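In: Make a model of this:
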Amino acid sequence: MNLILEEIRNQNQKAFKTLFNNHFEELVVYANGYLFQMDSSKDIVQEVYIYIWENANKIEIKTNFKGYLYSMVRNRCFNYLKSIKVTDDLAFLEFNINIINEDVFDSTLEEDKEKVYHQILKIIDSLPDKMRKIVQLKFLHNYKYSEIAKELDISINTVKTQLKRAKFKIIQMVTIILILLQIRQ
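Out: Got it, this is the predicted structure:
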């Protein structure tokens, strides 16, 4: 594997393409385990490859190259999660309810808006136990991150990450519901 890095240092595009083809998909899956957003996961992995191509001469690997790739992806995922901090307000739930109120539906479809709202509640109920508990503590009981962390004996970063993942899952499911309702019309 370190031979591939040596070839990339020599600007061997074929070696770089081989590295990309051999590991891109598995690295995207790995990144998606942190982000739960396929597009962002692909972007991060592509950034790692760009960095390797542009900085191959500066890279010194003390272990193995594959481990280095995974470490780079993991670190960029953490940086990405830090950059999109989960907010302290009800923004993600409000976002989903506001989608319903936009011009997606005619005003005559109040029953559809009500259905989607109830679907959001069902989606929250279907979240994994710890994630659901965090969402409930945050948005039903107005706990602060630190209070949730203390209550559940987890870190504040875990609380933020779980809220981010919950937001993504809720948005995905609401989008599917909205599409199905539009198809029905």
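
In: so which helix or strand takes in Glu60?
Out: Per DSSP states H and E, Glu60 falls between elements, in no helix or strand.

In: which residues sit in contact with it?
Out: Neighbour list for Glu60: empty [criterion: C-beta atoms under 8 Å, 6 or more residues apart in numbering]. Backbone N, C-alpha and C define where each C-beta goes, glycine included.

In: again with the one 10 residues further on
Out: Under the criterion of C-beta under 8 Å, 6+ apart, the neighbours of Tyr70 are Leu27, Tyr30.

In: mind pulling up the phi and psi values for it?
Out: Recorded main-chain torsions at Tyr70 are phi -60, psi -40, according to degrees, to the nearest 10.

In: What of Tyr51?
Out: Phi and psi for Tyr51, reported as degrees, to the nearest 10, are phi -60, psi -40.

In: Tell me how many other residues crowd it.
Out: Neighbour count for Tyr51, taken as other C-beta atoms under 10 Å: 14.

In: Could you check how far it is from Ile59?
Out: 9 Å (C-beta to C-beta, to the nearest Å).

In: cool, Lys144 as well?
Out: Distance of Lys144 to Ile59, computed by C-beta to C-beta: 42 Å.

In: quick one: buried residues of stretch 54-70?
Out: The neighbour-count check on stretch 54-70 (16 or more other C-beta atoms under 10 Å) flags Ala56, Phe65, Lys66, Tyr68, Leu69, Tyr70 as buried.

In: again, but for stretch 119-136
Out: Gln119, Ile120, Ile123, Ile124, Leu127, Met131, Arg132, Ile134, Val135.

In: and the two most separated of these?
Out: The distance between the two most remote of the buried residues of stretch 119-136 (C-beta to C-beta) is 20.1 Å, for Gln119 and Ile134.

In: and the chain, what are its domains?
Out: Domains of the chain are assigned by automatic domain parsing as 2-83, 91-184.
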